[in-house]
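Colleague: A predicted structure for the sequence below; I have some questions about it.
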Amino acid sequence: MIYQITRPSGRLEGEITLPASKSISNRVLIINALSYSPYTIDNLSDSDDTRVMSSVLNASTNEFDIGHAGTAMRFLTAFLSKIMGQWTLTGSERMKQRPIGILVDALRKLGAVIDYVEEEGYPPLRITGTALKGGVLELDGSVSSQYISALLMIAPSIQNGLTLRLKNKIASRPYIELTLKLMKKFGVRYIWKGNEIRIEEQTYKPVRFSVEADWSGASYWYQIAAMTDDFDLLLKGLRLQSLQGDAILAKWFDQYFGVQSKQEGNDVRITRKETPELKRLDLNFVENPDVAQTFAVLCVAKRIPFHFTGLHTLKIKETDRIAALQNECAKLGAKLAEPQQGEIAWDGILDENIDAIAAVIDTYHDHRMALAFAPAALVYDTLKIADPMVVTKSYPDFYEDLKKVGFSVQEVTE
Ligand SMILES: O=C(O)C1=C[C@@H](OP(=O)(O)O)[C@@H](O)[C@H](O)C1
Ligand SMILES: C=C(OP(=O)(O)O)C(=O)O
């Protein structure tokens with residue numbers, strides 16, 4: 001299926017109810033289960049990734065296919081390791097290429113019984129649940145923070161608790177902070193000093209919890225704001241004082257693109273003030289990997305040269321996002337370079353022979369490819385997106401929301 005997205009003709013205004021954060025939802029589902037909580041979670045995400053997490057935790061079977069959901073794969077590997085029974089965890093073809101060896105090695109040191117069903121170091125996994133015994137673990141923190149979050153969440157329920165010593169430069173650090181902040185809300189104490197996190201054996205206290213709106217999902221509306229002069233939008237459920245690392249977007253978009261954010265009760269209003277055009281953008285995404293595509297497409301559409309660093313984890317996400325960005329930005333006439341591993345750069349030179357309107361943007365089973373490219377219809381007037389429903393991984397109502405503010409979304413053949 002292909003969607004043709006066409007820009008609104010008039011002023012861009014209205015209000016959007018953003019999806020709830022899947023990162024928060026998937027953590028609170030695990031923590032709620034570990035707290036034996038009688039409460040249901042309020043405003044749980046309706047994304048595929050949260051649905052799959054929820055269905056595993058409520059299932060009566062023992063073989064689970066978690067599709068494309070990285071958090072579900074990693075968090076459930078740790079969680080199921082200590083639940084008595086035999087469990088099989090598998091996922092999409094891409095999930096079978098996303099490494100999990102660092103987490104499995106760490107869990108095995110705690111006594112977990114985990115076998116690789118196919119390739120060493122990758123899902124699918126066969127897990128035999130057993131009582132784990134804590135201690136001190138050293139692990140590489142530079143590959144995925146999800147391994148660390150997975151271990152931290154089960155740490156209070158492990159005999160003797162757990163000390164994690166993180167080696168190398170920590171990737172996606174705000175997601176580890178998010179895990180610990182949420183654990184704290186459920187009564188768990190921790191100590192994080194330098195590269196060491198210590199969690200004693202203790203019990204979670206069940207509490208009522210409501211999930212806040214998703215900042216990574218909000219990024220596409222900030223991107224839209226940065227591409228138009230006349231803009232006023234209310235993003236419902238969003239908090240500037242947020243648990244999520246991607247809340248830094250409010251600052252970045254103000255500083256670089258003149259998009260201003262104002263908390264109005266439970267919602268955030270974003271407007272655009274006139275600012276001089278940015279000459280180039282240098283940003284490091286090591287703490288905010290999920291919004292790198294948003295900025296890359298925005299800069300190409302606005303013809304702003306850029307140099308982005310801290311992107312080494314992008315190669316092991318839903319697709320190799322560096323390669324995907326290079327392929328698809330080329331369809332808009334921009335040749336992105338990879339100066340070093342984990343970097344992309346663009347000199348601002350467009351190939352004028354390329355007709356972006358004729359392009360069909362491929363999405364590689366990656367929601368963020370569709371989510372980041374669709375807004376660029378504002379600049380190119382119209383843009384075609386292949387396999388557009390990939391967005392359900394994190395933002396199921398994205399196209400409905402685009403329509404609400406005046407975009408047209410039509411199914412077309414190529
Ligand atoms: O813990 C989380 O909720 C996430 C952590 C990040 O992954 P990595 O730690 O693998 O970079 C991020 O990219 C992902 O979308 C969600
Ligand atoms: C990388 C992502 O998700 P996950 O790793 O949880 O599959 C994402 O949502 O951009």
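Modeller: Sure, I can see it. Ligands and ions are numbered 1, 2, ... in the order given.

Colleague: Ignoring the adjacent residues along the chain, who's closest to the residue nearest the centre of the chain?
Modeller: When Cα atoms, centre = their mean is applied to the chain, the residue found nearest the centroid is residue 290 (4.9 Å). Sequence neighbours aside, residue 216 is the residue nearest to residue 290 in space, at 4.5 Å (criterion: Cβ to Cβ, 6 or more residues apart in numbering). Heads up, the C-betas are built off the backbone N, CA and C, glycines and all.

Colleague: any idea which element that neighbour lies in?
Modeller: Assessed by DSSP states H and E, residue 216 sits inside helix 215-226.

Colleague: Who are the packing partners of that helix?
Modeller: Under the contact definition 3 or more Cβ pairs under 8 Å, 6 or more residues apart in numbering; DSSP states H and E, helix 215-226 sits against strand 12-17, strand 231-236, helix 249-257, strand 259-264, strand 267-272, helix 292-301, helix 367-373.

Colleague: Which among these is found nearest to residue 153?
Modeller: Minimum separation from residue 153 across those (Cβ to Cβ) falls at helix 367-373, 23.9 Å.

Colleague: now that closest one: how far from the chain's centre is it?
Modeller: Relative to its chain's centre, helix 367-373 lies at 12 Å (Cα atoms, centre = their mean, to the nearest Å).

Colleague: circling back: quick check: phi and psi at the residue nearest to the centre of the chain.
Modeller: phi -70, psi -10 (degrees, to the nearest 10).

Colleague: hang on, the earlier thing: export the helices and strands packed on helix 215-226 to a markdown table and tack on mean neighbour count?
Modeller: Output for the helices and strands packed on helix 215-226, formatted as a markdown table (neighbours: other Cβ atoms under 10 Å):
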| stretch | mean neighbour count |
| --- | --- |
| strand 12-17 | 17 |
| strand 231-236 | 18 |
| helix 249-257 | 19 |
| strand 259-264 | 16 |
| strand 267-272 | 20 |
| helix 292-301 | 26 |
| helix 367-373 | 28 |
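
Colleague: what would those look like in TSV with mean pLDDT and distance to residue 148?
Modeller: Below are those laid out as TSV (pLDDT from 0 to 100; distance: least, Cβ to Cβ, whole Å):
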stretch	mean pLDDT	distance to residue 148
strand 12-17	96	32
strand 231-236	96	30
helix 249-257	98	23
strand 259-264	98	30
strand 267-272	97	29
helix 292-301	98	20
helix 367-373	98	22
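
Colleague: Tell me the residue of this protein that sits nearest ligand 2?
Modeller: For the chain and ligand 2, the shortest gap (Cβ to the nearest ligand atom) falls at residue 70, measuring 2.5 Å.

Colleague: hey, where'd the strands end up in the stretch 51-200 of the chain?
Modeller: Using DSSP state E, counting those that start in this stretch, the strands assigned to the stretch 51-200 of the chain run over residues 63-65, 85-90, 113-116, 125-129, 133-140, 159-167, 191-193, 196-199.

Colleague: Switch the helices and strands packed on helix 215-226 over to TSV; also include distance to residue 98.
Modeller: Shown next, in TSV, are those (distance: least, Cβ to Cβ, whole Å):
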stretch	distance to residue 98
strand 12-17	31
strand 231-236	30
helix 249-257	25
strand 259-264	33
strand 267-272	32
helix 292-301	17
helix 367-373	15
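
Colleague: For residue 396, list the residues it contacts.
Modeller: When contacts are counted by Cβ atoms under 8 Å, 6 or more residues apart in numbering, residue 396 touches 19, 46-48.

Colleague: Can I take it that it is in a helix?
Modeller: No - read with DSSP: H, G, I helix; E, B strand; the rest coil, residue 396 is coil and lies in no helix.

Colleague: Quick one, grab the pLDDT at the residue of the chain positioned farthest from its centre.
Modeller: In the chain, the residue that sits farthest from the middle, by Cα atoms, centre = their mean, is residue 353; the gap is 34.5 Å. What the model reports for residue 353 is a pLDDT of 93.

Colleague: Can you give me the neighbour number for the residue lying closest to residue 154 once chain neighbours are set aside?
Modeller: Nearest non-adjacent residue to residue 154, counting by Cβ to Cβ, 6+ apart: residue 78, 4.9 Å away. Using other Cβ atoms under 10 Å, residue 78 has 28 other residues around it.

Colleague: What's the per-residue pLDDT of residue 341 here?
Modeller: Confidence at residue 341, expressed as pLDDT, is 95.

Colleague: meant to ask about residue 275, not that
Modeller: 87.

Colleague: can you pull the contacts of the closest residue to residue 297 other than its chain neighbours?
Modeller: Nearest non-adjacent residue to residue 297, counting by Cβ to Cβ, 6+ apart: residue 372, 4.6 Å away. Residue 372 makes contacts with 220, 223, 293-294, 296-297, as judged by Cβ under 8 Å, 6+ apart.

Colleague: if we can go back for a sec, tell me how far the residue nearest to residue 290 lies from ligand 1.
Modeller: Distance of residue 216 to ligand 1, computed by Cβ to the nearest ligand atom, to the nearest Å: 7 Å.

Colleague: Same question for stretch 130-146: list its buried residues.
Modeller: Buried residues in stretch 130-146, counted by 16 or more other Cβ atoms under 10 Å: 132, 134, 137, 139-146.

Colleague: Then stretch 318-325?
Modeller: 318-322, 324-325.

Colleague: follow-up on the earlier one: for the residue nearest to residue 154, which residues are in contact?
Modeller: Taking Cβ under 8 Å, 6+ apart, we find residue 78 in contact with 103, 107, 150-151, 153-154.

Colleague: same question, residue 244
Modeller: Contacts of residue 244 (Cβ under 8 Å, 6+ apart): 21, 23-24, 174, 178, 212, 214-216.

Colleague: about what we covered before: now list the buried members of the contacts of residue 396.
Modeller: 19, 47-48.

Colleague: Using TSV, lay out these together with distance to residue 195 and pLDDT.
Modeller: Output for the buried ones among the contacts of residue 396, formatted as TSV (distance: Cβ to Cβ, whole Å; pLDDT from 0 to 100):
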residue	distance to residue 195	pLDDT
19	34	98
47	32	98
48	34	98
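
Colleague: nearest to residue 266, of those?
Modeller: The shortest approach to residue 266 among those belongs to residue 19, at 15.0 Å (Cβ to Cβ).
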